[in-house]
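# Pasted the sequence and its predicted model underneath.
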Amino acid sequence: MDNQQEQYSCAVLTLSDKGSRGEREDTSGEFLKKTLTEAGFILQSYEIIPDRKEIIIQSLKDLVDNKRITLIVTTGGTGVSPTDVTPEAMEEVVEKEVPGMAEAMRAASLLKTNRAMLSRGKVGIRGMSLIINLPGSLKAARENLEVVLPVIPHALEKILGGTSDCGAE
């Protein structure tokens, strides 16, 4: 974000059973905190929670409805293993999906690995907040964030009622 743009609040939510128990270092969450603050976002919350659907739902709703965080970026729980339930939690949280952002992340990842087609991450809006699901690995989280980071400020401006033209760059 340049100095002309509003600074937006953000939260990083890592979804990991092992991470929540202190059994695994959260490299992707640490990367996201650093990258988002360097991009001009104001980090308001960082948490590591277990891969449990109800806990994810409760955490996302709290970040949006109570803490009024503008951008929430999750990492983890987007694959196809039995404990990967982030997309199912998102279905119960978001009011509008933003499929183009999720599709762009998967398309860019597919250029690097065919395993990207197993990613089920979603992007959506709840209230005045944008929620973005990233994979749990540091490499994948970095690659996916690179794709969407340039458009996040404009997306937030529009979500918050901005009237600038989407066609102008």
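It's in. Residues are numbered from 1 along each chain as shown.

# for this protein, what spans make up the strands?
Along the chain, the stretches classed as strands by DSSP state E are 9-15, 42-49, 71-75, 96-97, 123-126, 129-134.

# which residues sit against the helix or strand of the chain with the lowest mean pLDDT?
Using mean pLDDT, DSSP states H and E, the weakest-scoring helix or strand in the chain turns out to be helix 17-20, at a mean of 91. Taking contacts as CB atoms under 8 Å, 6 or more residues apart in numbering, the residues outside helix 17-20 that touch it are 24, 25, 26, 29, 48, 49, 50, 51, 76, 83. (Each C-beta comes from the backbone N, C-alpha and C, glycine too.)

# And for stretch 48-63, what's in contact with it?
In contact with stretch 48-63 (CB under 8 Å, 6+ apart) are residues 11, 13-17, 19-21, 26, 29, 45, 47, 69, 72, 74, 76-77, 83-86, 88-90, 92-93, 126, 129, 131.

# Counting neighbours, which bits of that stretch end up buried?
48, 49, 51, 52, 53, 56, 57, 59, 60, 63 (16 or more other CB atoms under 10 Å).

# Which strand residues bridge the second one?
If I follow you right, that is residue 49. residue 15 (DSSP bridges).

# Could you tell me which residues within stretch 82-101 count as buried?
84, 85, 86, 87, 89, 90, 93, 94, 98, 101.

# quick one: pLDDT of the spatially closest residue to the fifth one that is not a sequence neighbour?
This means residue 89. Spatial nearest neighbour of residue 89, chain neighbours left out: residue 56 (3.8 Å); criterion: CB to CB, 6 or more residues apart in numbering. pLDDT recorded at residue 56 is 98.
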